[in-house]
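>>> Sharing a model that was predicted from the sequence below.
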Amino acid sequence: MPQKETPKKGQAWYNQFELYSKGEKNNSIYSWMAENRRQYKNGKLSDEKLEKLIEIDFPFDAVKIKNDNWNRHFEAWKKGERSTLQQWKNRSIKQYVKGRLAKDRIEKLKEIGILK
């Protein structure tokens, strides 16, 4: 069952909803988005709020944007650049040892002789 809200808290939600709908971006909006996602995943988001969010195509699943320079470092290593890439190499080997390196990356590192 959705929890009861105080009128002030409820109004704040609608204020944030309006700002979000207009494209506002700030820490307060990001916190509001995260809270809506938490409540949705826990089944605690009221039907009224859920409907309003669906109407505006609210992204219930957060998209994680990852700045991944791995391939850029890989290409630089293949070209013979070494001085600035030692940390990338060590991090890649450590991920491999821990079983956290993607298979395609393992193959690429074997291709250039970093992994055997």
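Thanks, I have it.

>>> Okay, domains of the protein per the record?
Domain assignment for the chain by automatic domain parsing gives 7-55, 70-111.

>>> Off-centre distance for the first one?
Going back to what we said before, that points to domain 7-55. 19 Å (Cα atoms, centre = their mean, to the nearest Å).

>>> and the gap between N15 and A62?
Per Cβ to Cβ, to the nearest Å, N15 is found 22 Å from A62. Quick note: C-beta positions are derived from backbone N, CA and C, even for glycine.

>>> returning to what we had before: can I get the domains of the chain in TSV with mean neighbour count?
Putting these into TSV (neighbours: other Cβ atoms under 10 Å) gives the following:
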stretch	mean neighbour count
domain 7-55	13
domain 70-111	13
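
>>> Dump those domains into TSV; add mean pLDDT as well.
Putting the domains of the chain into TSV (pLDDT from 0 to 100) gives the following:
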stretch	mean pLDDT
domain 7-55	91
domain 70-111	89
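
>>> who's in contact with A34?
A62 (Cβ atoms under 8 Å, 6 or more residues apart in numbering).

>>> Could you look up the SS state of it?
helix (DSSP: H, G, I helix; E, B strand; the rest coil).

>>> just the helices in the chain please.
Along the chain, counting by DSSP state H, helices occupy 7-21, 27-41, 47-55, 70-78, 86-97, 103-111.

>>> now the closest residue to Q16 other than its chain neighbours: how far from S21?
Nearest non-adjacent residue to Q16, counting by Cβ to Cβ, 6 or more residues apart in numbering: W32, 4.1 Å away. Distance of W32 to S21, given as Cβ to Cβ: 12 Å.
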